[in-house]
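Enquirer: generate coordinates for the sequence data below:
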Amino acid sequence: MTNETSPSEDYFGRMNRQAQRGKSVLRTIIFSNCLLLTIFIYLNFKYGASPQSVIGSINTIVICVLLYMGKEWAKWLFVCMSFFQAGMIAYLFFTYQISIRMNIPSMYWIVLTLTLILSVISSLIMLISKGVGEYLYIQSTKY
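Expert: All right, here's what the predicted structure looks like:
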């Protein structure tokens, strides 16, 4: 007796492994975004929070929850928001002279730099990773 598996079992096993990788990638992206968001919220409350930043933070949290639940449209919304956020941060860097006059603390610049890097990398990973797509598909059938 041999230990051969049928092609369908092999296919489903491969898809399951891909979905597990996608789950860990998505968890890492969500965790790192929430960690950076927590630091950003702390800095906002320390130096004066604006309603726009609070609303943006709530939006990010809701999108991360929807992503974990497997909503495919949340993936595209997350990617679009990340690229928009990266563009806004890049604009801030290019208009550095204006920011000097606004007395933005150096910790903001560190968080903004990390946010820029994280936004671009996480968006590209979500667009390229087949595992994330598989995980979102499996999760969408649960909810």
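Enquirer: the strands in this protein, which residues?
Expert: With DSSP state E as the definition, the chain shows no strands.
Enquirer: what about it, any weak spots by pLDDT?
Expert: Applying pLDDT under 70 to the chain picks out residues 1-9, 49-51, 96-104, 143.
Enquirer: hey, where'd the helices end up in it?
Expert: 7-47, 51-69, 72-94, 96-101, 106-128, 130-142 (DSSP state H).
Enquirer: list the buried residues of the third one.
Expert: With burial defined by 16 or more other C-beta atoms under 10 Å, the residues of helix 72-94 counted as buried are 74, 75, 77, 78, 79, 81, 82, 85, 86, 89, 92. (Each C-beta comes from the backbone N, C-alpha and C, glycine too.)
Enquirer: so that helix versus helix 51-69, what angle?
Expert: 140 degrees (axes from the mean of the first three to the mean of the last three C-alpha atoms, to 10 degrees).
Enquirer: what does helix 72-94 contact?
Expert: Here helix 72-94 makes contact (C-beta atoms under 8 Å, 6 or more residues apart in numbering) with 59-60, 63-64, 66-67, 99, 112-113, 115-116, 119-120, 122-123, 126-127, 132, 136-137, 140.
Enquirer: of those residues, select the buried ones using a PyMOL command.
Expert: To isolate the buried members of these in PyMOL, using 16+ other C-beta under 10 Å:
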select buried, resi 60+63+64+66+67+112+115+116+119+120+122+123+126+132+136
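Enquirer: good, we can wrap up now.
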